[in-house]
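> dropping a prediction and its sequence here:
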Amino acid sequence: MTAEATPISGCVICFQEQDRIADCVRSLSFCDEVVVVDSGSTDGTVQLARGLGARVVTNTPFPGHRQQKQFAVEAARHDWVFCLDADERATPALQQRVRDLAAAGLAGAGYEMPRSNWYLGKVVRAGLFWPDRKIRLFDRRTARWGGTNPHDRVEVPAGALVTRLEESIEHLSYRDFRHHVRTIDSFTAIAARALAADGRRTNPFDLLVRPPAVFVKSLLLKRGFLDGWRGVVIAAMAAWTDWLKYWRLLRLPRETRR
């Protein structure tokens, strides 16, 4: 007696992604359905997704990254979900691997896979961007989206089985360097507010020690130097991200009193 194939729902959240949503949705063709949760795009994102057969749901105002991703998971028709961001694609090798797994019957709480991160025209293979493992295929009855915005993650109960796959997701990290800078500006503001909401406060260690420690970790301990000048830029931007996040956390109480 063979195992029954497990149906899978592909889940994507997006906003103003008309240049990237089509490839993302196409890469989820192995799923039994694709659910796209949009935050109010006006650039053709919704029309493109629907044209490719995705079921599009609009959820506004944007509640936060982890909340929107959990909303998409709960909107799915099937309990097993495969989640991607609009700037990600399931590679052909990963698509085939998941097909084979689903045909045999998925098991455990979820499956973890690496991300191949593109940065300024090339895939980087060291530093903070590799292997960048993520749980993206999981049973929503066991696991759910958690973490602190904007750095969401899939959380599973202690001791639950998570199987590691070697086939990767492709991640188109940033459109260009300006996009990287804008993303840091946006994400550090979100992160500072989330930390403040949790009662976190800044201290000198956060501003003086954490940023250079992140730089050293990315460039040396994680061997980011192997990616050449891209590795140096990634390490420097990671340090800047850490400093800006805690600087904004320091200033946030003052700003809110104004």
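Thanks, I have it. Residues are numbered from 1 along each chain as shown.

> now the helix or strand harbouring residue 237: buried residues?
Assessed by DSSP states H and E, residue 237 sits inside helix 229-256. Residues of helix 229-256 classed as buried by neighbour count (16 or more other C-beta atoms under 10 Å): 230-235, 237-249, 252. Just so you know, the C-beta spots here come from the backbone N, C-alpha and C atoms, and that holds for glycine as well.

> can you count the residues close to residue 220?
By other C-beta atoms under 10 Å, 12 other residues sit near residue 220.

> who are the contact partners of residue 86?
By C-beta atoms under 8 Å, 6 or more residues apart in numbering, the residues touching residue 86 are 12-14, 17, 20-21, 24, 45.

> can you rerun that using 6 Å?
12, 14, 17, 20-21, 24 (C-beta atoms under 6 Å, 6 or more residues apart in numbering).

> spatially central residue for the chain, please.
residue 85 (5.8 Å; C-alpha atoms, centre = their mean).

> just how off-centre is the helix holding residue 237 within its chain?
A distance of 19 Å separates the C-alpha centroid of helix 229-256 from that of its chain, computed with C-alpha atoms, centre = their mean, to the nearest Å.

> could you do stretch 219-239 as well?
The answer for stretch 219-239 is 20 Å, by C-alpha atoms, centre = their mean.

> same deal with stretch 28-47?
Taking mean C-alpha positions (C-alpha atoms, centre = their mean), stretch 28-47 and its chain are 16 Å apart.

> go on, stretch 108-128?
Chain-centre distance of stretch 108-128: 10 Å, with C-alpha atoms, centre = their mean.

> shift numbering so it begins at 52
Taking 52 as the first residue, the last one we looked at is stretch 159-179.
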